[in-house]
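In: model the following, please.
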Amino acid sequence: MDGHDTENAKQSTADMTAFVQNLLQQMQSRFQTMSESIICKIDEMGSRIDELEQSINDLRGEMGQEGGSPSPSAPAKSREEPKSAEDS
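Out: Residues are numbered from 1 along each chain as shown. Modelled structure (predicted):
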């Protein structure tokens, strides 16, 4: 019966080894999927940040143009006001 017990032990060890290998492969596959997902999300966030930076720069440019246009006209208006006041 010792030979039979040894055979069962070998089969049990082989089954356990196969089970552990399968489990490790599943875990590796899941970690790989999660890793790819995280990298994809990071790339997406990077693209969104780039878009936000571009939008901010565009807004700054628009504000600079708008801010630049009224500034020359504002002194012109202030110059005109004293002339109007002097004329009346």
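
In: going forward, measure contacts between C-alpha atoms and count neighbours the same way
Out: OK.

In: any weak-confidence spans in the chain?
Out: Applying pLDDT under 70 to the chain picks out residues 1-3, 67-88.

In: cutoff 80 now
Out: The model of the chain has pLDDT under 80 over residues 1-5, 66-88.

In: in it, which helix has the most residues?
Out: helix 2-68 (DSSP state H).

In: could you tell me how far that one lies from the centre of the chain?
Out: Centroid separation for helix 2-68 versus its chain: 14 Å, with C-alpha atoms, centre = their mean, to the nearest Å.

In: give me the helices and strands touching it, please.
Out: With contacts taken as 3 or more C-alpha pairs under 8 Å, 6 or more residues apart in numbering; DSSP states H and E, helix 2-68 sits against no other helix or strand.

In: which residues touch the residue nearest the centre of the chain?
Out: Closest to where the C-alpha atoms of the chain average out (C-alpha atoms, centre = their mean) is residue 45, at 1.4 Å. By C-alpha atoms under 8 Å, 6 or more residues apart in numbering, residue 45 lies in contact with nothing.

In: quick one: it from residue 65, how far?
Out: The gap separating residue 45 from residue 65 is 30 Å, by C-alpha to C-alpha, to the nearest Å.
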